[in-house]
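Asks: Here is my input; please provide its structure:
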Amino acid sequence: MISAATHIARLVRAAYVFAREGVFGVVDPSLVPPPGQLALRLARLIERPSAKVGPRLSRALTRLGPAYLKLGQFLATRPDVVGVAMARDLESLQDRLPPFAHSEAEAVIAASLERPLAKAFVSLGPAVAAASIAQVHRGEVERDGVRVPVAVKVLRPNVASRFRRDLSDFFFVAHNAEAHSAEARRLRLIEVINTMSRSVAMEMDLRLEAAALSEMAENTQRDPDFRVPTVDWDRTTHNVLTMEWIDGIALNDHARLAAAQVDLPDLGRKVIQSFLRHALRDGFFHADMHPGNLFLDDAGRLVAVDFGIMGRLGLKERRFLAEILLGFITRDYRRVAEVHFEAGYVPGHHSVENFAQAIRAIGEPIHNRTAEEISMAKLLTLLLEVTGLFDMQTRPELILLQKTMVVVEGVARGFDPKLDIWKVADPVVREWIERNLGPLGRVQGAMSGAGELGRVAASLPAIASRAVAVVEHMEKMTREGITLSPETIAALGRAEGRKSRWRTVALWIIAATFIGILIAIRQL
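Replies: The predicted structure follows:
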């Protein structure tokens, strides 16, 4: 009861901030039920006079703090949940906050490394970038008598407790929504917040980001066009990450790229093909490849930074991706549809032929056109419509991959407006398919399958033993039944009554507050 009241109080505060920043001002009252119309009128009364100017939702999310800021960025990767237009608006949400005090950063570093700052670093400059979870300083370390520049990422003090509190509110809304909405269950809102929670938890342990850097370094050590910074493990802990300082040209610095006479179309090719290699070959990709996180070094290689958001794909998902891409490239829409059914993403009661027809409606408009003629937003909208029409449940890992592909193509298109992503992707996709789905791939798959069968066979005695124990327990329950004392039954009744009352109160408040927010989000 206390927990529900606390959640509701904090959510009402969030709704107040939305109202003050004018988020409800774009809502059409005719689309809202009568109780919601009253809430909208009240919300407009407390709107700030200046709230009609600028990005209202982004301003509100920034005011609400790091967790809401992160939620907005995360929802930008989930157009299936918030809609394509809203997702595109949230892409511009900048995770930039004022840096915390330099003395606090020094204290965090010294405590985390368990040594005085002067013994760990020759120098530590002011913050060069600050976000919701951490900020980055330029420092120097001494190696063999030479001063070497490093990037030092420091976690914000007390950020974990703030995130835990706000995430619990998000879970409260998601659980209540799924309990009473079939559409919320289809969108798997609890899984959406779970995915965000895991992502944030990994971002708040900088050792895990260092591990991601190390893993990608191993995966890409032979790649001619891509590398990542090296990690200084001696100066890396839960709260501090020290790595190589990158002096390359940021891909959002078009003036320096032009001055260096960089081959921009070739740079666009490197961006797309590098990303596809990581996703297909390694099943591990950088999921935040905006131009500010990509640099071009003196050797002409891409260097990625900020590994807080990473994506993973299992072999099943990689095969799905490869066959989907190849199907679109070759216009084999029947095969694209079959892959969806084989992967279990589309329920078997639907028609493969009808699904292939829907896929054709997506694929045909993008062929024989240059990149500037292809509307990725329109393509994404069609994909999401097909997802809902054929009861395909949301796949968070594929949505993250799909969204990253859109960002990557946008980066590449900035360097070559006539770039055709399908032609650039073709050699990477075909290489992976030949290696993994050709004769050699089938042999390796058979060997892997034999190994799995061997492990299952070895575990059969233990499985049989557990099965016998379960059957015996069920037989005992059948003979003797389950007995509850009168006190237990009465306590359960009282608890269920309280739960129902508070759930009803919570649902009315959430409905009045968040129906308007969701409609506003759809219309922004």
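Asks: tell me which residues in the helix or strand encompassing S58 are buried?
Replies: Counting by DSSP states H and E, the element that carries S58 is helix 56-64. Residues 56-62, 64 are the ones in helix 56-64 that count as buried (16 or more other C-beta atoms under 10 Å). The way it works is simple: take the backbone N, C-alpha and C, and place the C-beta from them, glycine included.
Asks: Return the member of these nearest to I46.
Replies: A60 (12.9 Å; C-beta to C-beta).
Asks: Next up, the contacts around the closest one.
Replies: Going by C-beta atoms under 8 Å, 6 or more residues apart in numbering, A60 touches 17-18, 20-21, 23, 68.
Asks: Of the residues you listed, which one scores lowest on pLDDT?
Replies: Lowest pLDDT within the contacts of A60 is found at V23 (76).
Asks: coming back round to it: let me have the contacts of A60 in JSON lines, extended by distance to A105, secondary structure and neighbour count.
Replies: Output for these, formatted as JSON lines (distance: C-beta to C-beta, whole Å; DSSP: H, G, I helix; E, B strand; the rest coil; neighbours: other C-beta atoms under 10 Å):
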{"residue": "V17", "distance to A105": "29", "secondary structure": "helix", "neighbour count": "17"}
{"residue": "F18", "distance to A105": "32", "secondary structure": "helix", "neighbour count": "26"}
{"residue": "R20", "distance to A105": "32", "secondary structure": "helix", "neighbour count": "18"}
{"residue": "E21", "distance to A105": "30", "secondary structure": "coil", "neighbour count": "24"}
{"residue": "V23", "distance to A105": "34", "secondary structure": "helix", "neighbour count": "25"}
{"residue": "Y68", "distance to A105": "24", "secondary structure": "helix", "neighbour count": "19"}
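Asks: Can you report how many residues lie near the residue lying closest to L11 once chain neighbours are set aside?
Replies: Once flanking residues are discounted, L11 sits nearest to D169: 5.8 Å by C-beta to C-beta, 6 or more residues apart in numbering. Neighbours of D169 under the rule other C-beta atoms under 10 Å: 20.
Asks: ok, now which ones touch D169?
Replies: So D169 contacts 7, 10-11, 14 (C-beta under 8 Å, 6+ apart).
Asks: change it to 10 Å
Replies: 6-11, 13-14, 67-68, 193 (C-beta atoms under 10 Å, 6 or more residues apart in numbering).
Asks: from the buried residues of helix 56-64, which is closest to G410?
Replies: Nearest to G410 among the buried residues of helix 56-64 is S58, at 18.8 Å by C-beta to C-beta.
Asks: what about stretch 222-229, start to end distance?
Replies: Start-to-end span of stretch 222-229 (C-alpha to C-alpha, to the nearest Å) is 15 Å.
Asks: so where is the stretch 1-150 of the chain shaky, pLDDT-wise?
Replies: In the predicted model, the stretch 1-150 of the chain carries pLDDT under 70 at residues 1-2, 26-28, 30-33, 35-36, 50-54, 77-89, 91-95.
Asks: Strands along that one, start to end?
Replies: With DSSP state E, counting those that start in this stretch as the criterion, the stretch 1-150 of the chain has strands at 123-130, 134-143, 146-155.
Asks: Next one: the residue nearest to H367 when sequence neighbours are not counted, what pLDDT does it get?
Replies: Nearest non-adjacent residue to H367, counting by C-beta to C-beta, 6+ apart: R331, 6.6 Å away. For R331, the model assigns a pLDDT of 85.
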